[in-house]
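Asker: Here is my input; please provide its structure:
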Amino acid sequence: MAAGLSGSEIIRIGNQVSEQVRQGANICNLTIGDFDPKIFPIPTELNSGITKAYQQGLTNYPPAAGMGELRDAVSKFLKIRQGLDYGPNDILVAGGSRPLIYATYRALVDPGDRVVFPLPSWNNNHYCHLTGATQVAVPTQPENNFMPTAADLAPHLPGATLLALCSPLNPTGTVFTKAGLEEICDLVLAENKRRSADEKPLYVLYDQIYWLLTFGETQHFDPVSLRPELRPYVIYIDGISKCFAATGVRVGYSFGPTAIIDKMKSILGHVGAWAPKAEQVATAHFLPEVAAVDGFIADMKTKLQASLQALFDGLKELQTQGYPVDAVAPAGAIYLTIKIDVLGRTAPDGTMLATTAELTSYLIAEANLALVPFSAFGSPASEPWFRASVGAETVESIQAALPRLKAALDKL
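Answerer: Presented below is the predicted three-dimensional model:
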């Protein structure tokens, strides 16, 4: 299993960026799904709460399922913010969302079971490998903003064990519409009604880690709110990493059917993937602070949208000038979907750019601009789509990169 793990293309790109920076280049790095704390610091109240908790000596083991006061706070947060009714015992806390996704796979998926997920998609291929699952990667279409539709998924759901969904979606920054998600929910319900009592149900892993970060009129929707009868089959992935720019604080939480969450607790109890106690206590105190949470989210969304919009507007301006670029309007998360349609052209050194990986390297070297191709998320390397993550660069840095992109394209 370990020998067969594939490396991360994002890490490979990151290493190339680091080498360029080491040589003195000023790179606009739009690769990693993270935040620069100088641009996006965590909430002041959360910061001071963590410091206070350490000063109080809260440095021993937390309960394996998470601090009771944090699970209480999450339960109330979900009820107030989303209308979701999950008690503290139906909530599992871990060190970010990754262990929770892994535990979901481990609890539900046996070797050979089929897992369905859309392309592009973040890391589901790796979790399938870790659990021995048969991965069913379903391509999505630009005209649907790369969100999977019921029609896309329907042929692949019979016999599947898990459907992995994410909204707002990493890597695209696009979201499910209400009607689109309702149609998928109805497919899952119909599939489970067809199955006999001795068959595994079809479960849904619903990653909503970015759900508080939507822009304009965009709304976030989730399966159980739309179809309450799905409650026995949906495991949610959530946490503070993205919505509070707290990627390194490592507080994630999952919630879902009691029986499944209990199995996930057992798995992670042996792994020891706990969020630090002080961070849990501070998060428990912060989540109920309505004014502080609302103020932070509003400010963060304003700054993120400004960065995303600056990049989107700049690319659209290049498009009007005749350059083969495009972008999908930002809807949520910290990502912009970009199209740079120059594959097959020749670089100044005579190299033909045949794949998005080669184009990525060219843009780093010639435009000091680093993007992640959708091939890093399972899409074919011949498709000219990229993810741009704006959490670690300023608006000014993004705007300054656009003329460099133009100049690099002129050289092809």
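Asker: The spatially most central residue of the chain: what secondary structure?
Answerer: The centroid of the chain falls nearest to N170 when counting by CA atoms, centre = their mean (3.8 Å). Recorded secondary structure, N170: coil (DSSP: H, G, I helix; E, B strand; the rest coil).
Asker: give the contact list for it.
Answerer: N170 sits next to G33, W122, D207, Y210, A333, Y335, R387 when contact means CB atoms under 8 Å, 6 or more residues apart in numbering. In this view, the C-beta of every residue, glycine as well, is placed from N, C-alpha and C.
Asker: Just the buried ones out of those residues, please.
Answerer: When the contacts of N170 are checked for burial by 16 or more other CB atoms under 10 Å, the buried set is G33, W122, D207, Y210, A333, Y335, R387.
Asker: Among the residues you listed, which one sits closest to S225?
Answerer: Within those, the smallest distance to S225 is 15.5 Å, found for D207 (CB to CB).
Asker: That closest one against T104, yeah?
Answerer: No: the criterion here is CB atoms under 8 Å, and D207 misses it with T104 at 9.6 Å.
Asker: And stretch 221-232, end to end?
Answerer: For stretch 221-232, the first-to-last residue distance is 18 Å (CA to CA, to the nearest Å).
Asker: in that stretch, what's buried?
Answerer: So for stretch 221-232, counting by 16+ other CB under 10 Å, buried means F221, D222, P223, V224, L226, R227, L230.
Asker: And this protein, what are its domain boundaries?
Answerer: Domain assignment for the chain by the TED database gives 2-40+294-410, 44-289.
Asker: what is the rounded mean pLDDT of the first one?
Answerer: Taken as a whole, domain 2-40+294-410 carries a mean pLDDT of 95.
Asker: and if you look at the last one?
Answerer: Domain 44-289 carries an average pLDDT of 98.
Asker: for it, how far is the first residue from the last?
Answerer: Domain 44-289: ends 12 Å apart by CA to CA.
Asker: hmm, back to that, find residues that contact each of D207 and T104.
Answerer: Common neighbours of D207 and T104, using CB under 8 Å, 6+ apart, are I237.
Asker: what about the residue nearest to T258 when sequence neighbours are not counted, neighbour count?
Answerer: Of all residues not flanking T258 in the chain, D90 sits nearest, at 5.4 Å (CB to CB, 6 or more residues apart in numbering). D90 has 22 neighbouring residues, counting by other CB atoms under 10 Å.
Asker: For D90, give me its contacts.
Answerer: Here D90 is in contact with S75, F255, G256, P257, T258, I261 (criterion: CB under 8 Å, 6+ apart).
Asker: The stretch 301-412 of the chain: helices as residue ranges?
Answerer: Ranges of helices within the stretch 301-412 of the chain are 356-367, 395-410, based on DSSP state H, counting those that start in this stretch.
Asker: Which stretch among these is buried most, on average?
Answerer: Burial of the helices of the stretch 301-412 of the chain is given as mean neighbour count (mean count of other CB atoms under 10 Å); helix 356-367 ranks first at a mean of 21.
Asker: Which stretches in the protein count as helices?
Answerer: Under the criterion DSSP state H, helices of the chain are mapped to 9-22, 44-55, 68-82, 98-108, 124-131, 150-153, 178-194, 223-226, 258-271, 277-286, 290-320, 356-367, 395-410.
Asker: now the longest one against helix 68-82, angle please.
Answerer: In terms of direction (axes from the mean of the first three to the mean of the last three CA atoms, to 10 degrees), helix 290-320 departs from helix 68-82 by 60 degrees.
Asker: packing partners for helix 290-320?
Answerer: In this structure, helix 290-320 packs against strand 325-327, strand 335-340, helix 395-410, with contacts taken as 3 or more CB pairs under 8 Å, 6 or more residues apart in numbering; DSSP states H and E.
Asker: export those to TSV and tack on distance to A306?
Answerer: What follows is those, written out as TSV (distance: least, CB to CB, whole Å):
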stretch	distance to A306
strand 325-327	15
strand 335-340	12
helix 395-410	5
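Asker: So for M67, which of these sits nearest?
Answerer: strand 335-340 (31.4 Å).
Asker: Packing partners of that closest one?
Answerer: By 3+ CB pairs under 8 Å, 6+ apart, strand 335-340 packs against helix 290-320, strand 325-327, strand 385-389.
Asker: and these, which is most packed in?
Answerer: Most buried of the helices and strands packed on strand 335-340 by mean neighbour count (mean count of other CB under 10 Å) is strand 385-389; its value is a mean of 26.
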